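# Structure here, sequence nowhere to be found:
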């Protein structure tokens, strides 16, 4: 149960990371992150079904398609509304999520489709425990991606510049960092992270236009960890996944889908800054 | 002397409010030029306009013969204009080292180690505190970090906005010695200061801003002797 919880949690963590990456660069919440994930998963599926591409190639298509979508959304919608407040961008992305879902419904219908998994169904037996390869695969792939992101953000010039923008955009400009370019790169990167989460989760939850709702769990995970903190997003995602999987053992099973909301309300009342959040009071 | 930075009739408005009105000034290569004025007279706005953070509504800014009026800030930094902003604006969550590395954002990767060593040699206190979060530094150390960070881009012109603000006299003196050393190494300096006496002591020439207009200009010695400057900025 804990392992499958961690697997779900890894997906939430990736979702939360995607939201935090965009938020840190632009101070905006991308409500369409879930629908962008859904579209990427459908692209992978189409690449397999309609064009007969092998699985790995379909993943490349999904990630590439997501990158393009992220780039276009940032360039066409977000960049064009420089005078828009963060609330305006939030509403814009909310609208975008509805548009993407409607368009996906027209192209692919609103049915559910099985999505092939990269991992076999035969359980791995370690002593007395039986582990689902799907769960292990999801955890492994997510952790690798998180490690890659960690290296990007802490060890490279690009990652450092993105973090500098998150802290103080004006000072970053004075260092020669193009805040606009960082915004663009952040949207592309977040969309790519979302696409990976999409192809990992699709075999588990089935492919459908409703998949985008996962953004709510991602948002909860990000808030849980302290919005803006990337390690916090990972911790929050894992925690949320485990709690969601264990809750039905102790509480009525129908509670499962309410868990993110209950946790969200709880966190916001008890510890608004989140687990690893920065203190909001600053020295002047 | 060759003009390295020139402003021609630059006007800036923040909404309805006129912040700069037909400001013209020239900074020659290798000079230290002081920009004096009271709070809100437009000193910081002048520097921000040069850096491209603020767009002028009228006028022209030339740097080394090129018109940079419409350039983006990252292009202006890359061309060699560094800016140490008012209030330092260091990245407080970054370590001292990370701050310096971001300062070298526009530098070629192979030059970073040498520039880092040069910056740390110039400010030994930063070397000791390399791994420390910049937010934990004292005010004087943060100011040194802000200057060292700007030097990482190897600027040919350095804009300094109130570098001694809030510092104890001993630290302020040290900062001004640093400014002279930086200038001696060939960097042109445009210095904005509240402390007119100190600024005129290091600068060759000065301009005086009043409500967004240049009202006086001349050699530092002439400005320091002018009765109006003495009354307004040098405490009589």
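Looks like it came in fine. These numbers come from a predicted model, not from an experiment.
# could you say what helices and strands the helix or strand harbouring residue A:15 packs with?
Here residue A:15 sits within helix A:2-26, counting by DSSP states H and E. Secondary structure elements in contact with helix A:2-26, counted by 3 or more Cβ pairs under 8 Å, 6 or more residues apart in numbering or on different chains; DSSP states H and E, are helix A:33-49, helix A:133-155, helix A:157-167, helix A:179-205, helix A:214-225, helix A:230-250. C-beta: built from backbone N, CA, C; applies to glycine.
# most packed of those?
helix A:214-225 (a mean of 27; mean count of other Cβ atoms under 10 Å in any protein chain shown).
# between it and helix A:179-205, how big is the angle?
110 degrees (axes from the mean of the first three to the mean of the last three Cα atoms, to 10 degrees).
# Helix A:214-225 packs against which elements?
Looks like helix A:214-225 contacts helix A:2-26, helix A:33-49, helix A:179-205, helix A:230-250, helix A:259-270 (3+ Cβ pairs under 8 Å, 6+ apart).
# Count the residues that sit near the nearest residue to residue B:58 once chain neighbours are set aside.
Of all residues not flanking residue B:58 in the chain, residue B:11 sits nearest, at 4.2 Å (Cβ to Cβ, 6 or more residues apart in numbering or on different chains). By other Cβ atoms under 10 Å in any protein chain shown, the residues close to residue B:11 number 16.
# hang on, residue B:11 in a strand?
Yes - Residue B:11: assigned to a strand according to DSSP: H, G, I helix; E, B strand; the rest coil.
# Enumerate the residues of chain B near chain A.
Contacts of chain B with chain A, taken as Cβ under 8 Å from any Cβ of the partner chain, map to B:51-53, B:72-74, B:77-78, B:82-83, B:85, B:89-94, B:98, B:101-103, B:105-106, B:109, B:135, B:149-150, B:153.
# Now do stretch A:234-252, average pLDDT.
For stretch A:234-252, mean pLDDT is 86.
# Likewise for stretch A:180-196?
96.
# repeat for stretch B:91-110
Here the average pLDDT along stretch B:91-110 is 96.
# and the closest residue to chain B within the stretch 101-250 of chain A, how many neighbours does it have?
Proximity of the stretch 101-250 of chain A to chain B (Cβ to the nearest Cβ) peaks at residue A:176, 3.5 Å away. Look at residue A:176: counted by other Cβ under 10 Å, it has 25 neighbours.
# Correct me if wrong: it contacts residue B:152.
No - applying Cβ atoms under 8 Å as the test, residue A:176 and residue B:152 come out as separate, 9.9 Å apart.
# For residue A:264, the count of nearby residues, please.
18.
# who's in contact with the nearest residue to residue A:104 once chain neighbours are set aside?
Nearest residue to residue A:104 in three dimensions, chain neighbours excluded: residue A:209, at 4.9 Å (Cβ to Cβ, 6+ apart). For residue A:209, the contacting residues are A:38, A:101, A:104-105, A:108, A:110, by Cβ atoms under 8 Å, 6 or more residues apart in numbering or on different chains.
# Considering these, which possesses the most neighbours?
Going by other Cβ under 10 Å, residue A:38 tops the contacts of residue A:209 with 28 neighbours.
# Against chain A, how distant is the residue nearest to residue B:58?
22 Å (Cβ to the nearest Cβ, to the nearest Å).
# same thing with residue B:163?
14 Å.
# Tell me the pLDDT of the closest residue to that residue other than its chain neighbours.
Closest residue to residue B:163 apart from its sequence neighbours, by Cβ to Cβ, 6+ apart: residue B:175 at 5.1 Å. Here the pLDDT value assigned to residue B:175 is 94.
# likewise residue B:47?
So residue B:47 comes in at 97 (pLDDT).
# Any regions of the chain where pLDDT drops low?
Defaulting to chain A. Within chain A, the stretches with pLDDT under 70 are A:1, A:81-83, A:120-122, A:272, A:275-284.
# sorry, should have said chain B
B:1, B:235-236.
# what sits against residue 204?
Assuming you mean chain A. So residue A:204 contacts A:7-8, A:134, A:138 (Cβ under 8 Å, 6+ apart).
# right idea, wrong chain: chain B
B:31-33, B:219-220.
# and the residues you listed, which two are the farthest apart?
Distance extremes for these: the farthest pair is B:32 and B:219 at 12.1 Å, using Cβ to Cβ.
# who's more crowded, the two?
residue B:32 (24 against 13).
# how close does the more buried one get to residue B:128?
Distance of residue B:32 to residue B:128, given as Cβ to Cβ, to the nearest Å: 29 Å.
# repeat for residue B:177
From residue B:177 to residue B:128 the distance is 19 Å (Cβ to Cβ).
# Residue A:252 too?
Distance from residue A:252 to residue B:128, by Cβ to Cβ: 59 Å.
# okay, those two: which has more neighbours?
Shown here are residue A:252 and residue B:128; by other Cβ under 10 Å, residue B:128 has more neighbours (12 against 9).
# For the more buried one, which residues are in contact?
Contacts of residue B:128 (Cβ under 8 Å, 6+ apart): none.
# Would you list the buried entries among the residues of chain B next to chain A?
Neighbour counting with 16 or more other Cβ atoms under 10 Å in any protein chain shown marks B:51-53, B:72-74, B:77-78, B:82-83, B:85, B:89-94, B:98, B:101-103, B:105-106, B:149-150, B:153 as buried within the residues of chain B next to chain A.
# From the residues you listed, which land in strands?
B:82-83 (DSSP state E).
# Could you tell me which of the buried ones among the residues of chain B next to chain A are located in helices?
Residues of these located in helices (DSSP state H): B:51, B:73-74, B:77-78, B:98, B:101-103, B:149-150.
# Find the pair from these with maximum spatial separation.
B:51 and B:98 (21.9 Å).
# So in terms of bridging, what pairs with the most centrally placed residue in chain B?
For chain B, the residue nearest the mean C-alpha position is residue B:160 (1.6 Å; Cα atoms, centre = their mean). Listed by DSSP bridges, the beta-bridge partners for residue B:160 are residue B:84, residue B:191.
# list the contacts for it?
B:84, B:147, B:179, B:189-192.
# Out of these, which comes closest to chain A?
Closest to chain A, out of all of the contacts of residue B:160 and judged by Cβ to the nearest Cβ, is residue B:84, at 8.2 Å.
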